[in-house]
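Colleague: got a sequence here, can you build the structure:
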Amino acid sequence: MKVYEIQDGFGLDHLRVAERPDPTPGHGQVMVSMRAVSLNYRDILTVTGLYNPRQGLPLVPCSDGVGEVVAVGEGVSRFKLGDRIAAVFCQRWIGGAPTYEKLRSTLGGPRDGTLAEWMLLDEDGAVLVPEHLSDEEAATLPCAGLTAWSALAEYGNVAPGDTVLVQGTGGVSIFALQFAQLLGAKVIVTSSSDDKLKRARKLGAWHEINYIDDSYWGKTARELTDGVGVDHVLDVGGGRTLEQSLRAIRIGGEISLVGVLSGAAADLNLVPIFMKNVRIQGIVVGSRDGFEAMNRAVAMHEMRPVVDRIFPFAEAREAFEFVMNGAHFGKVCIAIE
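Modeller: Predicted structure coming up:
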């Protein structure tokens with residue numbers, strides 16, 4: 001079978017097509033014919049060596065993908081031939097709180113990931129996907145979708161009438177825009193692109209802020225709520241956005257920290273955190289139980305993830321470059337013929 005491997009070092013030049021033996025499912029395993037993969041910023045960091053420079057190589061990258069069950073091993077009871085399933089990001093995180101053991105079972109590093117024609121999965125490390133979704137749409141759910149769901153629905157308890165501030169228009173942020181509305185909240189979206197803000201408006205954003213034109217966008221967001229502040233912030237920037245997130249949040253509000261696109265270190269005044277009784281909650285994707293709960297909500301509301309562009313398997317490297325350039329709105333996928 002054909003796979004993509006990171007070989008002999010890091011960087012896009014080291015992402016190469018390789019041949020591996022066709023897999024055979026063992027006890028409790030399913031063999032999956034992969035149909036589509038979606039890219040996350042984590043995949044970019046992994047390929048370039050910034051995520052874990054000590055990662056063993058060769059490695060098949062990517063954590064998100066969907067495919068069809070084409071063979072089952074002995075003892076399999078969760079799936080049957082023909083089922084369309086997605087891999088769980090943390091293979092051993094079934095439910096409950098995360099542990100080091102669960103978090104070390106992630107696909108696309110340290111375990112081989114989804115960018116392959118065929119894949120073996122433990123039956124406990126996969127879920128059925130909503131029937132109304134295309135393969136590419138379903139492939140976006142495991143990491144970006146579940147991260148947004150965990151932040152807003154599982155930890156954030158976003159409720160009807162709340163106001164949610166979403167940073168950017170990448171995969172997690174657009175999922176957050178969609179899920180927040182599904183939960184009955186109003187959404188403020190920030191971006192450096194007016195064109196992307198217009199697209200966010202078409203998806204239902206309540207207000208949009210261009211953070212290049214308005215460097216004090218946190219204050220602006222608070223003013224949009226009559227000075228009270230937003231109930232929840234989805235912070236994907238980290239180092240250089242937390243200060244404005246704290247300006248935007250209401251007393252007793254919650255900031256979900258899901259990324260560090262602007263930097264992993266922050267020179268931050270800590271006083272507003274305790275003076276405003278703010279909770280900052282780190283989010284590391286979520287469990288299989290959370291994945292299945294999210295899928296039920298997606299199916300019930302017939303929600304469709306936003307897929308910006310689909311690349312063929314032969315152009316996987318170009319797909320990575322497209323994501324690195326930051327031009328996408330929502331998710332970027334790779335179709336596996």
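
Colleague: I'd like the next helix or strand past the helix or strand encompassing Arg199.
Modeller: Element membership of Arg199, judged by DSSP states H and E, is helix 194-202. Downstream of helix 194-202, the next assigned helix or strand under DSSP H and E is strand 207-210.

Colleague: which strands and helices sit next to that following strand?
Modeller: Applying 3 or more Cβ pairs under 8 Å, 6 or more residues apart in numbering; DSSP states H and E, one finds that strand 207-210 contacts strand 186-191, helix 194-202, helix 217-224. Bear in mind the C-beta positions are built from the backbone N, C-alpha and C, glycine included.

Colleague: ok, the shortest one: who's next to it in the sheet?
Modeller: Partner strands and pairing direction for strand 186-191 (DSSP bridges) are strand 163-167 (parallel), strand 207-210 (parallel).

Colleague: residue contacts, Ala151?
Modeller: Ala176, Leu234, Ser256, Val258, Gln281, Ile283 (Cβ atoms under 8 Å, 6 or more residues apart in numbering).

Colleague: rerun at 10 Å
Modeller: Counting by Cβ atoms under 10 Å, 6 or more residues apart in numbering, Ala151 touches 158, 164, 166, 172, 175-176, 179-180, 232-235, 254-258, 281-283, 286.

Colleague: any idea how far it lies from Leu246?
Modeller: Note on Ala151: its distance to Leu246, by Cβ to Cβ, to the nearest Å, is 17 Å.

Colleague: so, low pLDDT: which residues of the stretch 1-150 of the chain?
Modeller: Within the stretch 1-150 of the chain, no stretch has pLDDT under 70.

Colleague: how far away is Tyr41 from Gly26?
Modeller: 33 Å.

Colleague: let me fix that: Gly65
Modeller: 20 Å.

Colleague: neighbour-wise, which of these two wins?
Modeller: Gly65 (30 against 12; other Cβ atoms under 10 Å).

Colleague: that one: which element?
Modeller: Here Gly65, judged by DSSP H and E, is contained in strand 64-72.
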